[in-house]
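Asks: quick one, what's the 3D model for this:
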Amino acid sequence: MSICAMANALHSFLVIIFLTGSHAQHSVNQDPSVIASPGDNVRMSCTLGGGLTVSSNSVRFVQQKLNSTPRFILYYVSESSKGMGSGVPARFVGSGSGSVGYLSVNGVRPEDEGDYYCFTWTGTQHHCDYSKRGSNSKTYTGLFKEN
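Replies: Residues are numbered from 1 along each chain as shown. The predicted model follows:
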């Protein structure tokens, strides 16, 4: 099972189906990688494609550390509709505008290192992408459908 599917499983049980045909117009794209030093402030973007907007569909971020279970970080729809995962430090902040959602980490700490995945829900399908540690261009986009 892909990491995107495991991340979404925090909310529901899903089966992965790769993007094909008429569903391919909806997409999620992230920055391929972010390099930071302890104390830096960083912002990772998550761009929704195919006419999707953050205010209508939301963005959600998950952190994956090596040999660990994915951790739900936050979701963001608007300033009045957002939420944090259990035990996530306040230095993680969600924001967004139009078709772009952001995960900011204010005052990065060594324990923040990991792969960060963003995903959205279109009403019938999950779309997912990730920024993989140490990668310059590797991107995975998957389509998820509930059982």
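Asks: residues contacting the nearest residue to residue 75 once chain neighbours are set aside?
Replies: Nearest residue to residue 75 in three dimensions, chain neighbours excluded: residue 60, at 4.3 Å (Cβ to Cβ, 6 or more residues apart in numbering). Yep, even glycine has a C-beta here, placed from its N, CA and C like the rest. Neighbour list for residue 60: 7, 72, 74, 75, 76, 118, 119, 120, 121 [criterion: Cβ atoms under 8 Å, 6 or more residues apart in numbering].
Asks: which SSE is the fifth one in?
Replies: According to DSSP states H and E, residue 76 maps onto strand 71-78.
Asks: can you list the residues that contact that strand?
Replies: 7, 10-11, 54-55, 58-65, 82-86, 88, 92-96, 101-103, 116.
Asks: now restrict those residues to buried residues only.
Replies: Buried by 16 or more other Cβ atoms under 10 Å: 7, 54, 58-64, 82, 84-85, 92-96, 101-103, 116, out of those.
Asks: any idea of the mean pLDDT in stretch 105-124?
Replies: Confidence for stretch 105-124, expressed as mean pLDDT, is 84.
Asks: may I see the buried residues of it?
Replies: In stretch 105-124, counting by 16+ other Cβ under 10 Å, buried: 105, 108, 112, 114, 115, 116, 117, 118, 119, 120, 121, 122.
Asks: the fifth one contacts residue 68, doesn't it?
Replies: Yep, that's residue 115 we're talking about. No - between residue 115 and residue 68 there is no contact under Cβ atoms under 8 Å: 10.4 Å.
Asks: in this protein, which spans are helices?
Replies: 3-8, 54-57 (DSSP state H).
Asks: return the alpha-carbon coordinates of the shortest one using PDB.
Replies: Pointing back at helix 54-57 there. This file holds the C-alpha atoms of helix 54-57, laid out as PDB (Å, rounded to 0.1, in the frame of the first residue of the first chain):
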ATOM      1  CA  VAL A  54      -8.600  24.900  -1.100                       C
ATOM      2  CA  SER A  55     -11.800  26.600   0.200                       C
ATOM      3  CA  SER A  56     -14.000  24.000  -1.600                       C
ATOM      4  CA  ASN A  57     -11.900  20.900  -1.200                       C
END
